[in-house]
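Enquirer: please find the sequence and the predicted model below.
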Amino acid sequence: MFLIEVVVGVLSESTALIADSLDMLADAAVYSIGLCAVGKSLSKKINAAFFSGIFQVILGSLVVLDVLRRFVFGSEPESLLMILIGSIALIANSICLYLIFKHRDGEMHMRASGYSLKMM
C-alpha cells in the first residue's frame, strides 16, 4: 500500500497521500523493528525504540520539505485520485488495526498500539 500511495501521491501532486504513504512505511518499519526486539534484552528494546523514533523523524522531515516545496513552487492536487486512494488506504489501515488489536496485551509496543486503539 505504501508503494501504491506514494506513486499516486507523486502523480496526483498530493502531499497528503505522500505523507500517508510515509506514515504506512513508518508503521511497518516500527512494527518490524519492534517485533525483532520481542524477547530481547532491555537495551536492545531501547535501541529498537530509538531507531524507530529516528526513522519517524526522518520521514516527518521529508513531508515538511515537500510541503515547503509545494508552497514555493505551487501545485494543485488531483482530488479524485486522492479520494480513491485515500479510501483504499482506509481499508488497509482498518485491516491492520484489526490485526494489531488482537495482540494489544503483548509486549510494550503492542500494548501502546492497543492503547491508541482504545482511545479512538
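Expert: Structure received. Residues are numbered from 1 along each chain as shown.
Enquirer: if I look at Ile83, how far off is Leu17?
Expert: 10 Å (C-beta to C-beta, to the nearest Å). No exception for glycine: its C-beta is placed from N, CA and C like everyone else's.
Enquirer: which helices and strands does the helix or strand hosting Arg69 pack with?
Expert: Per DSSP states H and E, Arg69 falls inside helix 42-73. Helix 42-73 is packed against helix 15-37, with contacts defined by 3 or more C-beta pairs under 8 Å, 6 or more residues apart in numbering; DSSP states H and E.
Enquirer: now do 10 Å
Expert: If you count contacts as 3 or more C-beta pairs under 10 Å, 6 or more residues apart in numbering; DSSP states H and E, helix 42-73 packs onto helix 15-37, helix 108-118.
Enquirer: mean pLDDT for these: which is lowest?
Expert: Among these, helix 108-118 carries the lowest mean pLDDT, at a mean of 49.
Enquirer: that'll do, ta.
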